[in-house]
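A.B. asks: Next come a sequence and a model predicted from it.
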Amino acid sequence: MKLLTIASKVETDNILENYIDIFKKEDLIIERSVGKCGDFFLIDYNLSNKSSKKHKNIKNVFKHYMANGIADVIIDIYQENIVERLLHYNLCYFDKEEKEKIKASTLDYLKKNEYINTEGIIYKISKKSRILKSIIDFLEDNDSINIEGFINFRLKYYLDTIEDAIDKNIEDYFAEKEYREFIKILQYFVEVQEPKREVVNIIFTNNKYKLIDEKRLAINNEFLEEISEELSEIDINYDDLLISSLITIAPRKIIIHLDSGTNNFDIINIIKNIFLSKVTICEGCDLCCSDVSSHPFKGY
């Protein structure tokens, strides 16, 4: 008895074979034949006449089990192929290295975001669950399935999800690239500046900061006043003012002191990226205002 025919342009045996084992345990002999038709691999599944047991709903049961396997094939194999195809056609001006980076970040993003919003419904449903339901619905009326065709014509929402993921990761890639270029410019400014202080201690308290020198004296406000005047007509935030101050002072060494409530991770990372080996994170002293031995940035 014919159970199901699966057509695909990729070999799927390794994944689909696992879903047949359950039938072997029930003494149901499933015969499988693999052929080729053009670019497609064809896998025919039939219930052998030699099976010692009969099951009146064997075809439906088999389809439900294999629907799981087909869903895994789509997510584990086709998802990467779809990403590659979309990148190839839509990003022809990107070089190979850029495409590989965006591909890797997109696949990682899709793996971490396994849930998608369903239309008109607030709750989320896993990608596999929705794909699985689509496959089961299709197989209720069909004894064969072409995976490529099924994806293109029945999983439009899934393709849209992948396209959205690619768009997001392209934006993130350019943002990261611009950030790295910006950091390089700031590093250059630091290199050409004449140091105005040997050491600057940055004391973060309640996510505010103050600057003192190696003698534990407050940094002369003239630097900050000069910067404030220059940037008075520019929309600049508190963190930007700190970075501008440090670049102007160009210290030979920066020591960052934290209290236990500090969570200025972004600005600390930026300072570290600009000043590199000049930056150290204090592991606890009287300037830190509290014991920071367990702080996330300890030893950073």
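C.D. replies: Cool, the structure landed.

A.B. asks: Now do the helices in the stretch 1-150 of the chain.
C.D. replies: With helices called from DSSP state H, counting those that start in this stretch, the stretch 1-150 of the chain shows them at 13-16, 21-25, 58-73, 79-90, 96-112, 127-139, 147-154.

A.B. asks: Which of those has the lowest mean pLDDT?
C.D. replies: Set side by side, these give their lowest mean pLDDT on helix 21-25, at a mean of 74.

A.B. asks: low-scoring pLDDT stretches of the stretch 151-300 of the chain, where are they?
C.D. replies: By pLDDT under 70, the low-scoring segments of the stretch 151-300 of the chain are 207, 220-238, 260-262, 289-300.

A.B. asks: In this structure, where's the longest helix?
C.D. replies: The single longest helix within the chain, with elements called by DSSP state H, is helix 156-192.

A.B. asks: List the buried residues for that helix?
C.D. replies: By neighbour count with 16 or more other C-beta atoms under 10 Å, helix 156-192 contains the buried residues Y158, T161, I162, A165, I166, N169, I170, Y173, L186, V190. Where C-beta positions appear, they are placed from N, C-alpha and C, glycine not excepted.

A.B. asks: nearest to L87, of those?
C.D. replies: Ranked by distance to L87 (C-beta to C-beta), those are led by I166 at 6.8 Å.

A.B. asks: Check the gap between that closest one and G38 for me.
C.D. replies: I166 sits 29 Å away from G38, going by C-beta to C-beta, to the nearest Å.

A.B. asks: same deal with I147?
C.D. replies: Noted for I147: a distance of 15 Å to G38, by C-beta to C-beta.

A.B. asks: about what we covered before: let me have the helices of the stretch 1-150 of the chain in CSV, extended by distance to Y45 and mean neighbour count.
C.D. replies: Formatted as CSV, the helices of the stretch 1-150 of the chain follow (distance: least, C-beta to C-beta, whole Å; neighbours: other C-beta atoms under 10 Å):
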stretch, distance to Y45, mean neighbour count
helix 13-16, 9, 14
helix 21-25, 10, 12
helix 58-73, 7, 19
helix 79-90, 24, 16
helix 96-112, 30, 15
helix 127-139, 12, 18
helix 147-154, 15, 16
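
A.B. asks: out of those, which comes closest to A7?
C.D. replies: Closest to A7 of the helices of the stretch 1-150 of the chain is helix 147-154 (C-beta to C-beta; 6.9 Å).

A.B. asks: List the contacts of that closest one.
C.D. replies: Contacts to helix 147-154, defined as C-beta atoms under 8 Å, 6 or more residues apart in numbering, come from residues 6-9, 12, 70, 73-74, 78, 82, 134-135, 138, 158-159.

A.B. asks: ok, and the closest non-adjacent residue to the spatially most central residue of the chain?
C.D. replies: Ranked by distance to the mean C-alpha position of the chain (C-alpha atoms, centre = their mean), the top residue is Y109 at 2.9 Å. In space, Y109 comes closest to A165 once its chain neighbours are excluded; the distance is 5.2 Å by C-beta to C-beta, 6 or more residues apart in numbering.
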